[in-house]
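1. The sequence and its predicted three-dimensional model are supplied below.
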Amino acid sequence: MASDATLVEERIEKLVAAYDPGGDPGQFWGEQFDLGLAWVHFPEGKGGLGVDPKLQEDVDARLRAIGAPSNILRNFMGVGMAAPTLIAFASDEQQDRLLRPLFTCDEIWCQMFSEPGAGSDVAALATRAERDGDEWIVNGQKVWTTLAHVADWGLLLARSNPDQPKHKGLTYFYIDMHAPGVDVRPLRQLTGEAEFNEIFFTDVRVPDSQRLGDPGEGWRVAIATLMNERVALDRTTIEDRGGGIIRHAIRLWQERADKDPALRDRLMQVWIDAEVQRLTSIRAQQLRKVGVPGPEGSIGKLAVAELTHRVFNLCADILGPEAMLYSSYEMTRPTIMGESALGDDAHFDLHKAFLTSLGTKIGGGTGQVMRNILGDRVLGLPQEPDASRDLPWNQLPR
């Protein structure tokens, strides 16, 4: 372990020495990838060093300390979801082609699972993929796809055999978002912007070489993606103490002339909760392995969603009547997700942050779904009855 830690420390020092605060972030991320510091537990040559994932926190903490740019929000679906899925299920050739431009954000990724008739019950999806020689022909619709309008690649789960039960007969692909027949349309949200999209597929041809996992076994790959998504959502909260979203509530409190003791007590409780979440996130990140993470990702995702809403609800209460003054509902299409899209601390849009936080309990799996996972996989409770689980998909009522 000591030799691994020494190797990582040496690579960190080399990366820090080459860091140019005014330079191109993509070039910096490329250097980080080449030094094996993108995901230290990935194999060498794939953005990693093949060492204990606990050492990634050493990398992240050092880069935060020097103010280095982070790519987790610029390409969240790529860095947090596609990369661990690719490293677990893609061929060496696919990994060599896709991982580096993913990490440098030269190629942006999106994820396409949810459908109008299959939101929380992803396995009930209806988008079809039919084999045609060395290609698949895809037809159907997906919804709630974050940043699909700027994505180059998309993770797609489609039904390849409707005669199988809903969790079977699914096949997993990554597809070119610029391919003929892919139609991305904006979905306007509560904030006025359209970070989400709906996507229509009309006879889209996908090479079989862009399949991940075996035909009909897409659910296993999808579970890996979803569990890594929840770990990645949890990872976005890992900051230094007092950092992360809680800093906005602290800053507002410090600026407030009337130090209401009731609001002060709420702030202290939320700060404690944020610190517990931060430490729990670090522990969960250290437990992460290549493949399918454990249920700690669902714990983190549930806690992050509820904490985010509590923090910005408190911010709204500290602002008082001013919180009702939302500046503009003009429709825009952001090119980056999450907090970075809300501005830096000096110009942070707290009104939009509050409205956005209402959706954090839905994205990445609803709070109810997370509680079901925890009840099943952590507490060992019986699964909820599902009469449709063993029926062929084409016999399900819709």
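-> Received, thanks.
2. all strands of the stretch 201-350 of the chain, in order?
-> Ranges of strands in the stretch 201-350 of the chain, per DSSP state E, counting those that start in this stretch, are 211-212.
3. low-confidence ranges in it?
-> By pLDDT under 70, the weakly predicted segments of the stretch 201-350 of the chain are 230-240, 284-297, 338-347.
4. same thing but at 90, please
-> Scanning the stretch 201-350 of the chain for pLDDT under 90 picks out 223-224, 226-245, 255-260, 276-306, 319-350.
5. how near is the nearest residue to Thr202 once chain neighbours are set aside to Leu98?
-> Among residues not flanking Thr202 along the chain, Gly181 sits closest, at 4.5 Å (Cβ to Cβ, 6 or more residues apart in numbering). All C-beta spots, glycine's among them, are computed from the backbone N, C-alpha and C. Gly181 sits 22 Å away from Leu98, going by Cβ to Cβ, to the nearest Å.
6. cool, and Lys361?
-> Distance from Lys361 to Leu98, by Cβ to Cβ: 31 Å.
7. One more: Arg264?
-> To Leu98, Arg264 is 49 Å away according to Cβ to Cβ.
8. what about the two, which has more around it?
-> More neighbours surround Leu98 than the other of Arg264 and Leu98, with 19 against 12 (other Cβ atoms under 10 Å).
9. Which other helices and strands does the helix or strand where that one lies contact?
-> In the assignment (DSSP states H and E), Leu98 maps to helix 92-103. If you count contacts as 3 or more Cβ pairs under 8 Å, 6 or more residues apart in numbering; DSSP states H and E, helix 92-103 packs onto helix 25-34, helix 83-89.
10. any idea of the mean pLDDT in that helix?
-> Averaging pLDDT along helix 92-103 gives 97.
11. what does stretch 52-72 give?
-> If you average the pLDDT over stretch 52-72, you get 91.
12. wouldn't Thr202 be in contact with Ala179 here?
-> No: using Cβ atoms under 8 Å, Thr202 makes no contact with Ala179, being 10.7 Å away.
13. Need the residue closest to the centroid of this structure.
-> Glu229 (4.4 Å; Cα atoms, centre = their mean).
14. if you skip the residues just before and after it, what's nearest to that one?
-> Nearest non-adjacent residue to Glu229 (Cβ to Cβ, 6+ apart): Met81, at 4.8 Å.
15. what about the stretch 51-200 of the chain, any weak spots by pLDDT?
-> 52-54, 57, 61, 64, 72-73, 117-122, 189-193, 195.
16. Centre of the chain to the helix holding Leu98, how far?
-> Put simply, helix 92-103 sits 18 Å off its chain's centre (Cα atoms, centre = their mean, to the nearest Å).
17. Okay, angle between it and helix 25-34 too, please.
-> Inter-element angle recorded for helix 92-103 and helix 25-34: 140 degrees (by axes from the mean of the first three to the mean of the last three Cα atoms, to 10 degrees).
18. Mind listing what's buried along helix 92-103?
-> The neighbour-count check on helix 92-103 (16 or more other Cβ atoms under 10 Å) flags 94-95, 98-103 as buried.
19. what ranges do the strands span in the stretch 51-200 of the chain?
-> Taking DSSP E, counting those that start in this stretch, the strands of the stretch 51-200 of the chain run over residues 109-112, 128-132, 135-142, 153-159, 170-176, 182-187, 196-207.
20. quick one, domains of this protein?
-> By the assignment in automatic domain parsing, the chain contains the domains 2-103, 109-216, 222-377.
21. Out of the ones you listed, which is closest to Trp393?
-> domain 109-216 (4.8 Å; Cβ to Cβ).
22. Let me see the ranges of the helices in this structure.
-> Assigned by DSSP state H, the chain shows helices spanning 2-17, 25-34, 56-65, 76, 83-89, 92-103, 218-235, 246-255, 261-286, 296-319, 350-357, 367-377.
23. quick check: angle from the first one to helix 25-34?
-> Here helix 2-17 runs at an angle of 160 degrees relative to helix 25-34 (the same axes, to 10 degrees).
24. All further residue positions should be reported with the first residue as 30.
-> Sure thing, new numbering starts at 30, so read that last one as helix 31-46.
25. Buried ones in helix 31-46, by neighbour count?
-> For helix 31-46, burial by neighbour count (16+ other Cβ under 10 Å) applies to 36-37, 40-41, 44.
26. Now do the contacts for Ala208.
-> Going by Cβ atoms under 8 Å, 6 or more residues apart in numbering, Ala208 touches 233-235.
27. Buried only: go through those for me.
-> With burial judged by 16+ other Cβ under 10 Å, the buried subset of the contacts of Ala208 is 233, 235.
28. what would the contacts of Ala208 look like in CSV with distance to Ile275?
-> CSV is the format used below for these (distance: Cβ to Cβ, whole Å):
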residue, distance to Ile275
Val233, 43
Arg234, 48
Val235, 43
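29. now, among the contacts of Ala208, which is nearest to Met106?
-> Closest approach to Met106 among those (Cβ to Cβ): Val235, at 18.0 Å.
30. Now that closest one: closest residue in space that isn't a chain neighbour?
-> Trp165 (4.7 Å).
31. looking at it, that neighbour is touching Thr156, isn't it?
-> No: in this structure Trp165 lies outside contact range of Thr156 using Cβ under 8 Å: 11.3 Å.
32. Find residues that contact each of those two.
-> Residues touching both Trp165 and Thr156 by Cβ under 8 Å, 6+ apart: Ala187.
33. which of these two has more neighbours?
-> For the pair Trp165 and Thr156, the greater number of neighbours falls to Trp165 (24 against 21), based on other Cβ under 10 Å.
34. distance of that one from Ala251?
-> Distance of Trp165 to Ala251, given as Cβ to Cβ: 16 Å.
35. And for the residue nearest to Glu258, the neighbour number?
-> Neighbour tally, Met110, other Cβ under 10 Å: 26.
36. before we move on, back to that, export the domains of the chain as CSV, with columns for distance to Gln412.
-> Below are the domains of the chain laid out as CSV (distance: least, Cβ to Cβ, whole Å):
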stretch, distance to Gln412
domain 31-132, 25
domain 138-245, 13
domain 251-406, 6
